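Colleague: the following comprises the amino acid sequence and a computationally predicted model.
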Amino acid sequence: MTIAHGRRILAAVLLSATALVGSAGAASAQWWHGNPPPPRYEAHPYRAGYNWEPGHYAWRGGAWIWIGGVYVGVQPNGHWVPGHWVFGPYGRRWVPGHWV
């Protein structure tokens, strides 16, 4: 085996591994093309010790369905990041609200 042949084999292996890792990440996230309907208004009274996570649309069974908002307990010294849409190479995906 020549050095050039060995480099071609190594390049093919690395390229295949990169494609597999990239496609696994894309397959595990739920990406959608197109725009969801505008968000609904949800009245939510103030509740001490809780943050409100607004509802959002999710793609289920070939249609957009509304997922209602929920109260999330406050974590001391935590910062709440509200749920939001992220745009990427495969369309958009919903990132749920979370504490950081």
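Modeller: That came in fine, so what should we check first? Numbering: from 1, shown residues only.
Colleague: tell me what the residue nearest to residue 92 when sequence neighbours are not counted is bridged to.
Modeller: Once flanking residues are discounted, residue 92 sits nearest to residue 85: 5.0 Å by CB to CB, 6 or more residues apart in numbering. All C-beta atoms are positioned from the backbone trio N, CA, C, and that covers glycine. Beta-bridge partners for residue 85, by DSSP bridges, are residue 94.
Colleague: any idea how far residue 85 is from residue 59?
Modeller: Distance, residue 85 to residue 59, using CB to CB, to the nearest Å: 12 Å.
Colleague: which residues do the two both contact?
Modeller: Shared contacts of residue 85 and residue 59, defined by CB atoms under 8 Å, 6 or more residues apart in numbering, comprise residue 36.
Colleague: residues near residue 53, how many?
Modeller: Applying other CB atoms under 10 Å, we find 19 other residues in the vicinity of residue 53.
Colleague: before we move on, the earlier item: higher neighbour count, residue 85 and residue 59?
Modeller: Between residue 85 and residue 59, residue 59 has the larger neighbour count (other CB under 10 Å), namely 18 against 14.
Colleague: these two touch, right, the more buried one and residue 35?
Modeller: No. With contact defined as CB atoms under 8 Å, residue 59 does not reach residue 35; the gap is 11.1 Å.
Colleague: got the domain ranges for this protein?
Modeller: As assigned by automatic domain parsing, the chain contains the domains 1-30, 31-99.
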